[in-house]
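Asks: Provided below for reference: sequence and predicted model.
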Amino acid sequence: MSQKGFYVDISRCTGCRTCTIACADAKNTPIGIYNRTVKEYEGGNWKKGADGNWTPEDVFAYYLSLGCNECSDPACVKVCPTKAHYKRTEDGIVLIDVNKCIGCGACAAACPYGAPKLNPKTRKMQKCDACIDRTTKGMKPVCVEACVERALDFGDIEELRKKYGDVAAVAPLPSPSVTKPNLVLKLSKNSKPVGFEDGSLHKF
């Protein structure tokens, strides 16, 4: 099996959400339901000096674009009561069989990345499917092609690791040991380690 995965360059991501909107448009998802989201993680303080001016103290902020991380040990697959979630043998992509899905939300509760979401129209769960209609033809997912900063890539995870490294840990994400995500990250100078608790998370 050639396991597929995503690469995210945090140092290049500006939080523009072009990936989010391109995905929503391609998948025709309901308003407010996004298969790929952008998270902003920020923290630090400002200190007022004797002169009355404010100066930053350890202020940081960075963006992280996330869809499904095609985990090698996917929590969603393990908790799905109807086996609607499954990991495709040929490429390791995690998919949902909508004919089996009952919309219970167990997958959403279990996924530490917030990938599965309930479609209010179909009452079925949905998530990033790595644009299998495109990637099986050798094309890139729409989020990758739409990214104006070229902060995203997709492909064989071992090839991505050879090209970009093997970092898969950053706050506010959980430790990679939890689900073994097929994700490669390039950190920014502001990136904080997993477990860092002095930041605030905003989801877009």
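Replies: Okay, I see it.

Asks: my guess is residue 159 is in a helix, correct?
Replies: Yes. Residue 159: assigned to a helix according to DSSP: H, G, I helix; E, B strand; the rest coil.

Asks: Residue 169 versus that one, what's the distance?
Replies: From residue 159 across to residue 169, the span is 20 Å (CB to CB, to the nearest Å). Heads up, the C-betas are built off the backbone N, CA and C, glycines and all.

Asks: ok, these two, which is more surrounded?
Replies: Taking neighbours as other CB atoms under 10 Å, residue 159 and residue 169 compare with residue 169 leading, 18 against 15.

Asks: OK, contacts around the closest residue in space to residue 125 that isn't next to it in sequence?
Replies: Spatial nearest neighbour of residue 125, excluding adjacent residues (CB to CB, 6 or more residues apart in numbering): residue 116 at 4.8 Å. Residues in contact with residue 116 (CB atoms under 8 Å, 6 or more residues apart in numbering) are 76, 85, 96, 105, 107, 108, 125, 126, 127.

Asks: Also residue 35?
Replies: Contacts of residue 35 by CB under 8 Å, 6+ apart are 23, 24, 27, 29, 67, 68, 115, 117, 126, 127, 128, 129.

Asks: part of a strand, is residue 23?
Replies: No. Under the criterion used here (three-state DSSP), residue 23 is helix, not part of a strand.

Asks: Let me know the pLDDT of the closest residue to it other than its chain neighbours.
Replies: Excluding the flanking residues, the one nearest residue 23 by CB to CB, 6+ apart is residue 36, at 4.5 Å. For residue 36, the model assigns a pLDDT of 97.

Asks: And residue 36, how far from residue 82?
Replies: Counting by CB to CB - residue 36 and residue 82 are separated by 25 Å.

Asks: Same check on residue 117?
Replies: Distance from residue 117 to residue 82, by CB to CB: 17 Å.
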